[in-house]
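Undergrad: Have a look at this prediction, sequence included:
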Amino acid sequence: MPNSAVSLTVRYMHGFKNLMNNNSTASNPNELSGTVTNVHNSGVQATLNFRLFGGKQKTVAVTTPEVPVLVDTDGDGINDNVDKCPNTPGVAKYDGCPVPDSDNDGVNDDEDKCPTVAGSAKYSGCPVPDSDNDGINDDIDKCPSLPGVELYQGCPVPDSDNDGINDEEDNCPNVAGTAANHGCPEIDASTQSKVDMMAKGILWAPASSYKLAATSNKALDQIANMLKADSSLKATIAVHTTTADKDKSLSQNRADAIKTYLVGQGVNESQVEATGYGGEQPIGTGIKNQRTEIKLHY
């Protein structure tokens, strides 16, 4: 065995060349004439081998370590073997995944000042603020630092006449008044007293039951001037007669005649209300019930 401590090797050698290569005639009468003689080199070699040192030979396998091929599928610079989102470009801070948007408002957490509450990019990811806490956000609130109402686009209900009564509760929003009179000015007693005297001067032409007498013009002109001077001022005309049913139409015709005269003098029609009551509101008996009343108000 080649790897044994003692081994024997035997080798036989034979030459191919004929050293004589001739045909000779026998000189000996006993030899046959014409015999062919072939002579070749040949030999046997035996070798006995001893191995005094060393053990059994071993075969050593030499291997080359395999170099792994690194892949970056999403091209974000982070190899797939460490990329937790290998198919979506991301950043190293989030192990290869995109920067998260926890509140799904379109602003990623790295730039979102309110990462857990949906907001807008304009306010760095936070909701649109409501600085005055009136329930109307600052983007549509025309008074963002002053609590208001939706009807007035986030501003308080206005008080146009600055009388301390807001316009929604003020019956006279453009004229300063009092709370007791629902935001309207109060007609002082002396003014109303003068108007009462003027109303007593309104008379009717003898030839017609509902045409104004010319003597009525002075009183009506004064009332007309008062109404024209203050467009918020109003006059309520009430005409009364002696009987309830029979003269009610007459009283309405007389009330309308007074209104027509005032409007003809330039008073706004909306400032005058005219009603005929007939004899429905008596203050006595007979002729005492026939009267004209004009009350000023706002």
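TA: Cool, got the structure. None of the values given here were measured: they were computed from a predicted structure.
Undergrad: Dead centre of this protein: give me the residue that sits there.
TA: By Cα atoms, centre = their mean, the mean C-alpha position of the chain lies nearest to S120, the distance being 6.9 Å.
Undergrad: how close does that one sit to T292?
TA: 67 Å (Cβ to Cβ, to the nearest Å). No exception for glycine: its C-beta is placed from N, CA and C like everyone else's.
Undergrad: Ok, T242 next?
TA: Counting by Cβ to Cβ, the gap from T242 to T292 is 13 Å.
Undergrad: Looking at those two, which is more packed in?
TA: The neighbour comparison of T242 against T292 (other Cβ atoms under 10 Å) goes to T292, with 21 against 17.
Undergrad: Quick check: beta-bridge partners of that one?
TA: Per DSSP bridges, the residues bridged to T292 are V239.
Undergrad: mind listing what it touches?
TA: Contact criterion Cβ atoms under 8 Å, 6 or more residues apart in numbering gives A199, K200, I202, I237, A238, V239, H240, R254, I258 as the residues in contact with T292.
Undergrad: and the fifth one, how many neighbours does it have?
TA: When neighbours are defined as other Cβ under 10 Å, A238 has 18 of them.
Undergrad: what about the nearest residue to it once chain neighbours are set aside, how many neighbours?
TA: With sequence-adjacent residues excluded and distances taken as Cβ to Cβ, 6 or more residues apart in numbering, A238 is closest to E293, at 4.5 Å. E293 has 15 neighbouring residues, counting by other Cβ under 10 Å.
Undergrad: measure E293 to S251 for me?
TA: For E293, the distance to S251 under the criterion Cβ to Cβ works out to 11 Å.
Undergrad: intersection of neighbour lists for the two?
TA: Common contact partners of E293 and S251 (Cβ under 8 Å, 6+ apart): V239, H240.
Undergrad: Test my guess that D95 contacts K84.
TA: Yes - between D95 and K84 a contact is recorded at 4.2 Å, counting by Cβ atoms under 8 Å.
Undergrad: In a markdown table: the contacts of T292, plus pLDDT.
TA: Putting the contacts of T292 into a markdown table (pLDDT from 0 to 100) gives the following:
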| residue | pLDDT |
| --- | --- |
| A199 | 97 |
| K200 | 95 |
| I202 | 96 |
| I237 | 98 |
| A238 | 98 |
| V239 | 96 |
| H240 | 94 |
| R254 | 96 |
| I258 | 98 |
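Undergrad: Can I get the buried part of those residues as one ChimeraX selection?
TA: Those of the contacts of T292 that count as buried under 16 or more other Cβ atoms under 10 Å are selected in ChimeraX with:
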select :199,202,237,238,239,240,254,258
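Undergrad: related to what we said a few turns ago, ignoring the adjacent residues along the chain, who's closest to the residue nearest to the centre of the chain?
TA: Setting aside the residues directly before and after it, S120 is nearest to V128 in space (Cβ to Cβ, 6+ apart), at 6.3 Å.
Undergrad: can you check N166 too?
TA: Distances taken as Cβ to Cβ, 6+ apart place V157 nearest to N166, at 4.0 Å, with adjacent residues excluded.
Undergrad: Neighbours of that neighbour, how many?
TA: V157 has 14 neighbouring residues, counting by other Cβ under 10 Å.
Undergrad: any idea how far the longest helix along the chain is from the chain center?
TA: Longest helix in the chain, counting residues (DSSP state H): helix 248-264. Averaging C-alpha coordinates over helix 248-264 and over its chain gives two centres that are 60 Å apart (Cα atoms, centre = their mean, to the nearest Å).
Undergrad: CA atoms of that helix as PDB?
TA: Taking Å, rounded to 0.1, in the frame of the first residue of the first chain, the C-alpha atoms of helix 248-264 are listed here in PDB:
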ATOM      1  CA  LYS A 248    -115.100 101.800  11.100                       C
ATOM      2  CA  SER A 249    -114.500 102.300   7.400                       C
ATOM      3  CA  LEU A 250    -114.700 106.000   7.900                       C
ATOM      4  CA  SER A 251    -112.100 105.900  10.500                       C
ATOM      5  CA  GLN A 252    -109.800 103.900   8.300                       C
ATOM      6  CA  ASN A 253    -110.300 106.400   5.400                       C
ATOM      7  CA  ARG A 254    -109.300 109.300   7.700                       C
ATOM      8  CA  ALA A 255    -106.200 107.400   9.000                       C
ATOM      9  CA  ASP A 256    -105.100 106.700   5.400                       C
ATOM     10  CA  ALA A 257    -105.600 110.400   4.500                       C
ATOM     11  CA  ILE A 258    -103.300 111.500   7.200                       C
ATOM     12  CA  LYS A 259    -100.600 109.000   6.100                       C
ATOM     13  CA  THR A 260    -101.000 110.100   2.500                       C
ATOM     14  CA  TYR A 261    -100.400 113.700   3.500                       C
ATOM     15  CA  LEU A 262     -97.200 112.900   5.500                       C
ATOM     16  CA  VAL A 263     -95.800 110.700   2.700                       C
ATOM     17  CA  GLY A 264     -96.500 113.500   0.300                       C
END
